[in-house]
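Engineer: return atomic coordinates for the entry below.
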Amino acid sequence: MKIAIVHYWLTTWRGGEAVLGEIAAMFPEADIFAHVVDPRLASSRFPGRNVRTTFIGRLPFSRRIGQRYLPFMPMALEALDLRAYDLVISSESGPAKGVITRPDALHVCYCHSPMRYVWDMYHDYRETASPLTRMLMGLVLHYIRMWDQLSSRRVDHFVANSRFVARRIQKCYGRESTVIHPPVDVGAFSPQPLQSEFFLSVGQLVPYKRIDLLVDAFNESELPLRIIGEGPMSKALKKRASRNIEFLGHQPFEVIREHYARCQALVFPGVEDFGIVPLEAMASGRPVIAYRRGGALDTVIDGVTGVFFEEQTVSSLNEAIHKYRASSANFDSAALIAHAARYSTERFREKFGAFLEARMLSWKESMESLP
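Structural biologist: This next block holds a predicted model:
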């Protein structure tokens, strides 16, 4: 079989790209397509591979402002000539699934999320935009939303990265999906026998991560908190924070791994599609204090691998932190590590490979039965 893998843009290496990397490793002969590609990133992650761009990649400053070319991305995807490919695997979070395939080709979409800025977070993005951008968003995203829903019909099978995303796929596209959790490199983390007093947050400082809630809660409790990450909210959050809160900014992997292993617990206050960070903390033997919504519902077991809080309020979060501190001795590091191992890269390849094999066999049988 000739295989194509279609991603949205390959300019950073985060959770979606980690999934892309695992799928590409499963199919070393597959060609890779994306709207915009950083050549250095592509050559380091996919040496010797055929990595191509849509025409978006040839537009001015595409690597820097590629996402602003969103109105042209449906046309760019449909312009890709995929007639030679028997299996197309799209990796969807930005527009990627809207390619046109042969009638007898199989198209499987691994969906990290329906486009957030088009669907459930549309009003959040619109609220913070300038008046001109707000007006343009209303026009452009209305069109993108219709195209996104229509193009979902081109997919033969959807795979969701969590039950939360599976519900959103059903809501946005009216399609059923199979949940296969993304891979986590759990073997890269290890516990330490001694912990420090600080709590930990790891992630971008952007509004939906709700680091503002974290800062307000720890301002009130005066417990030590370390925040690893940077983003547009960094300056405002630092002004808002008391002296018990440390902002460490961007840190290399070794520093992050050490902080996972030494913290009291990871605090995870936002709503994520899945959330790899909590599993990295668990793989380090440390529990998670998480908001009871989103992808955390798939990975956090209340009282076993962490503690939930029910509302995104200071009082609810601090109540959960107090509950954790009162029962911290009950959390078993070995149990946390064993739980995280269920989401390993090996498990991902096993599950996704079995899913594709079954779908390809069924597809082949259906094609052979045609008159």
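Engineer: what residue spans form the domains of the chain?
Structural biologist: With domains defined by automatic domain parsing, the chain comprises 3-183+345-368, 187-341.
Engineer: surely A335 touches G306?
Structural biologist: No: counting by Cβ atoms under 8 Å, A335 stays clear of G306, with 11.4 Å between them. Where you see a C-beta, it was placed from the backbone N, CA and C, and this is true even at glycine.
Engineer: more neighbours: the two, which one.
Structural biologist: G306 (27 against 15; other Cβ atoms under 10 Å).
Engineer: how many other residues sit next to the residue nearest to that one when sequence neighbours are not counted?
Structural biologist: Of all residues not flanking G306 in the chain, V288 sits nearest, at 3.7 Å (Cβ to Cβ, 6 or more residues apart in numbering). When counting by other Cβ under 10 Å, one arrives at 27 neighbours for V288.
Engineer: wouldn't V288 be in contact with E280 here?
Structural biologist: No: contact between V288 and E280 fails when scored by Cβ under 8 Å: they sit 9.9 Å apart.
Engineer: show me the helices in the stretch 101-250 of the chain, by range?
Structural biologist: Listed in chain order, the helices of the stretch 101-250 of the chain (DSSP state H, counting those that start in this stretch) span 122-127, 131-151, 163-173, 211-221, 234-240.
Engineer: wait, which of those helices is closest to T54?
Structural biologist: Proximity to T54 (Cβ to Cβ) singles out helix 131-151 among these, at 14.3 Å.
Engineer: quick check: mean pLDDT across stretch 34-45?
Structural biologist: In this model, stretch 34-45 has a mean pLDDT of 96.
Engineer: so where do the strands sit in the stretch 251-371 of the chain?
Structural biologist: In the stretch 251-371 of the chain, the strands defined using DSSP state E, counting those that start in this stretch lie at 266-268, 288-291, 306-309.
Engineer: that older thread, please name the bridge partners of the residue nearest to G306.
Structural biologist: Taking DSSP bridges as the rule, V288 bridges to L266, G306.
Engineer: just the pLDDT for G306.
Structural biologist: The per-residue pLDDT reported for G306 equals 97.
Engineer: right, and it touches A290 too?
Structural biologist: Yes: judged on Cβ under 8 Å, G306 makes contact with A290 at a distance of 5.9 Å.
Engineer: how far does stretch 267-280 stretch from start to finish?
Structural biologist: The straight-line separation of the ends of stretch 267-280 (Cα to Cα, to the nearest Å) is 12 Å.
Engineer: what of stretch 215-230?
Structural biologist: Stretch 215-230 has an end-to-end distance of 14 Å (criterion: Cα to Cα).
Engineer: one step back: how about the strands of the stretch 251-371 of the chain in CSV, adding distance to A25?
Structural biologist: Listed next are the strands of the stretch 251-371 of the chain as CSV, based on distance: least, Cβ to Cβ, whole Å:
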stretch, distance to A25
strand 266-268, 28
strand 288-291, 28
strand 306-309, 30
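Engineer: wait, which of those is closest to A320?
Structural biologist: Here strand 306-309 is closest among those (Cβ to Cβ), at 3.6 Å.
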